[in-house]
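# 3D model of this:
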Amino acid sequence: MTRIVVLPHADLCPQGAVIEARVGDSLCDALLAGGVEIEHACEQSCACTTCHVIVREGFESLPEASEAEEDLLDRAWGLTPRSRLSCQAIVGGMPLVVEIPRYTINLAREGKHG
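Okay, the predicted model is just below:
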């Protein structure tokens, strides 16, 4: 099992969270199984950016992003060099520290930020 620390997010986990994930699971699946209800509008088919996360620690342990993921990430709100789509990032054996951005592109379009 791999330890994942989720930094506090005002809506999804105000106190933050620490979860244990199985090696080989997607980060999105691990977050959902750990009770962090991250948005995943495309049902994890690498077709949107709603499951965007920033991997603050352990980024180098994740497999490289595919070209399709990279193309989608260009549209993610709050993109950083350590951004990944959690549906595509596969958990390895190294602990991770993950930040869920405050907004998703869906929320920004609907005017629900602020």
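# so who does the most centrally placed residue in the chain touch?
Among the residues of the chain, the smallest C-alpha distance to the mean C-alpha position (C-alpha atoms, centre = their mean) belongs to residue 53, namely 3.1 Å. Listed by C-beta atoms under 8 Å, 6 or more residues apart in numbering, the contact partners of residue 53 are 27, 38, 83, 84, 85, 86, 89, 98, 99, 100, 101. The C-beta positions use only the backbone N, C-alpha and C, and glycine is treated the same way.
# switch the cut-off to 7 Å
Going by C-beta atoms under 7 Å, 6 or more residues apart in numbering, residue 53 touches 27, 84, 86, 98, 99, 100.
# which residues of this protein fall in helices?
Shown for the chain, the helices assigned by DSSP state H span residues 27-33, 67-73, 105-110.
# Residue 47 is nearest to which of those helices?
Each of the helices of the chain has some distance to residue 47 by C-beta to C-beta; the shortest is helix 67-73, at 7.6 Å.
# For the closest one, buried residues please.
Judged by neighbour count (16 or more other C-beta atoms under 10 Å), helix 67-73 contains these buried residues: 69, 72, 73.
# Bridge partners for the residue nearest to the centre of the chain, pull those for me.
Residue 53 has these beta-bridge partners by DSSP bridges: residue 84.
# That one and residue 33: what is the separation?
Distance, residue 53 to residue 33, by C-beta to C-beta, to the nearest Å: 15 Å.
# where in this structure is pLDDT low?
Within the chain, the set of residues satisfying pLDDT under 70 comprises 105-114.
# Could you check how far residue 102 is from residue 8?
Counting by C-beta to C-beta, the separation of residue 102 from residue 8 is 11 Å.
# no wait, residue 50
The separation that residue 50 has from residue 8, given C-beta to C-beta, amounts to 19 Å.
# Look at those two and report which has more neighbours.
Just comparing residue 50 and residue 8: by other C-beta atoms under 10 Å the higher neighbour count belongs to residue 50, 20 against 12.
# what's the distance between that one and residue 2?
23 Å.
# same deal with residue 60?
Spatial separation of residue 60 from residue 2 under the definition C-beta to C-beta is 14 Å.
# Thank you kindly, that will do.
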